[in-house]
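1. What would the 3D arrangement of this be:
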Amino acid sequence: MGAPQTPDAGSPRPARAGLLNVRNVALASIAVALAVMGIKYVAYLVTGSVALYSDALESIVNVLTAIAAFVAIRVGEKPADANHPFGHHKAEYLSAVLEGALIIVAGVAVIVFGGAEAEPLVEPLA
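-> Numbers count the residues shown, from 1 in each chain. All right, here's what the predicted structure looks like:
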């Protein structure tokens, strides 16, 4: 009985078949994000709801982050080379940072621009 088998830290990335599956999931994520964004925008056009409009705009962030994840997966699967002796898998971390930054930008945009046309919920006291 030996120690449980664990992947070596210096071993190459998982088998190509697994990467194709991850890539397909990332592509499906992009397609779903685009579909949801379209549905929300059509619902806004039908109802005129500012909440649906805001949600549709937020869906742009979802589409961009799904694209960033797909690109990071593609870059991350590249083998090590002279400039990147440990491989390119850190691209996935950069993608996560980009996703967080886009969420912050979207939140600030909703606060700054979303409230400009909104009517107050209560009447002023004075």
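
2. hey, let's count contacts and neighbours off CA atoms from now on
-> Noted.

3. separation between the residue nearest the centre of the chain and A106?
-> The centre of the chain sits closest to T65, judged by CA atoms, centre = their mean, with a distance of 2.2 Å. From T65 across to A106, the span is 12 Å (CA to CA, to the nearest Å).

4. Also V22?
-> Per CA to CA, V22 is found 27 Å from A106.

5. and the closest residue to D55 other than its chain neighbours, what does it touch?
-> The shortest distance from D55 to any non-neighbouring residue, by CA to CA, 6 or more residues apart in numbering, is to K40 (7.0 Å). Shown in contact with K40 (CA atoms under 8 Å, 6 or more residues apart in numbering): 52-53, 55-56.

6. Does K40 belong to a helix, a strand or coil?
-> Under DSSP: H, G, I helix; E, B strand; the rest coil, K40 falls in the helix class.

7. which SSE is the spatially closest residue to V110 that is not a sequence neighbour in?
-> Closest residue to V110 apart from its sequence neighbours, by CA to CA, 6+ apart: S54 at 7.0 Å. Using DSSP states H and E, S54 sits within helix 50-76.

8. Regarding H89, what is its secondary structure?
-> On the basis of three-state DSSP, H89 is classed as coil.

9. Counting neighbours, what do you get for the nearest residue to it once chain neighbours are set aside?
-> Distance criterion CA to CA, 6+ apart; nearest residue to H89, sequence neighbours excluded, is G76 at 4.0 Å. Look at G76: counted by other CA atoms under 10 Å, it has 19 neighbours.

10. The one 10 residues further on too?
-> Per other CA under 10 Å, the neighbour tally for F86 reads 15.

11. Touching, it and E77? I think so.
-> No. Contact criterion CA atoms under 8 Å: F86 and E77 do not qualify, at 11.6 Å.

12. give the contact list for the closest residue to L27 other than its chain neighbours.
-> Residue nearest to L27 in three dimensions, not counting chain neighbours: F70, with 6.8 Å by CA to CA, 6+ apart. Contacts for F70 (CA under 8 Å, 6+ apart) come out as 23, 26-27.
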